[in-house]
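Visitor: Build me a model:
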Amino acid sequence: MKVLTKVFLVSVVLALFAGCTSSGPYVPEVPPKVQAQLLDYFKLPGNKVFILAVAANGDYAFGYDYGRATLKEAGKAAIKMCDENRESADVFAKPYIYAVNDKVVYEEMIKKAHEEGVEDEREVQKKELLKTEEAPSEEAPVEE
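Guide: Numbering: from 1, shown residues only. Predicted coordinates for the structure are as follows:
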């Protein structure tokens, strides 16, 4: 029985140690009030972008825009709104794209920004937003 207990304790310690040394970036959870706002966002018409900044202490700010002629225009307006909200709420966390149209890209944006080691993480997000805008629509007819 003592051997089984020792094996269990060693397993627990190793699991905790391995979990604590994760080399991946921290991805903040989406606050409940933002989740409620996202329900409304996903009902909005296309060419929409949702930007989110969540601080380690739970403070947050967001901005979104929709119905623009291009995703780039919606993205610029969403960033402006998020930056204004960050300033008024004293949120110093970096903003990340949460969703482009109906696709959630939040975790992906954080990971890409950290993987590329870009000082200005907005450049990574800007590239991703433009890539999404340039991708052919899934609804476009296929020529044979």
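Visitor: can you map out the strands along the protein?
Guide: For the chain, strands defined by DSSP state E occupy the ranges 49-54, 60-65, 96-100, 103-104.
Visitor: can you tell which of those is closest to residue 37?
Guide: Closest to residue 37 of the strands of the chain is strand 60-65 (Cβ to Cβ; 6.9 Å). All C-beta spots, glycine's among them, are computed from the backbone N, C-alpha and C.
Visitor: The closest one - contacts with which helices or strands?
Guide: helix 32-41, strand 49-54, helix 71-89 (3 or more Cβ pairs under 8 Å, 6 or more residues apart in numbering; DSSP states H and E).
Visitor: switch to 10 Å and redo it
Guide: Other helices and strands packing on strand 60-65, by 3 or more Cβ pairs under 10 Å, 6 or more residues apart in numbering; DSSP states H and E, are helix 32-41, strand 49-54, helix 71-89, strand 96-100.
Visitor: Low-confidence stretches in this structure?
Guide: Filtered on pLDDT under 70, the chain yields the residue ranges 1-23, 117-128, 130-144.
Visitor: try it again with 50
Guide: Scanning the chain for pLDDT under 50 picks out the ranges 4-5, 7-10, 12-21, 137-144.
Visitor: hang on, the earlier thing: buried deepest among the strands of the chain, which one?
Guide: strand 49-54 (a mean of 26; mean count of other Cβ atoms under 10 Å).
Visitor: can you give me the angle that strand makes with strand 60-65?
Guide: Relative orientation of strand 49-54 versus strand 60-65 (axes from the mean of the first three to the mean of the last three Cα atoms, to 10 degrees): 170 degrees.
Visitor: if I look at the closest residue in space to residue 96 that isn't next to it in sequence, how far off is residue 50?
Guide: Using Cβ to Cβ, 6 or more residues apart in numbering and skipping residues adjacent in sequence, the residue nearest residue 96 is residue 109, 4.6 Å away. Using Cβ to Cβ, to the nearest Å, one obtains 11 Å as the distance from residue 109 to residue 50.
Visitor: Equivalent analysis for residue 99, please.
Guide: Where residue 50 is concerned, residue 99 sits at a distance of 4 Å (Cβ to Cβ).
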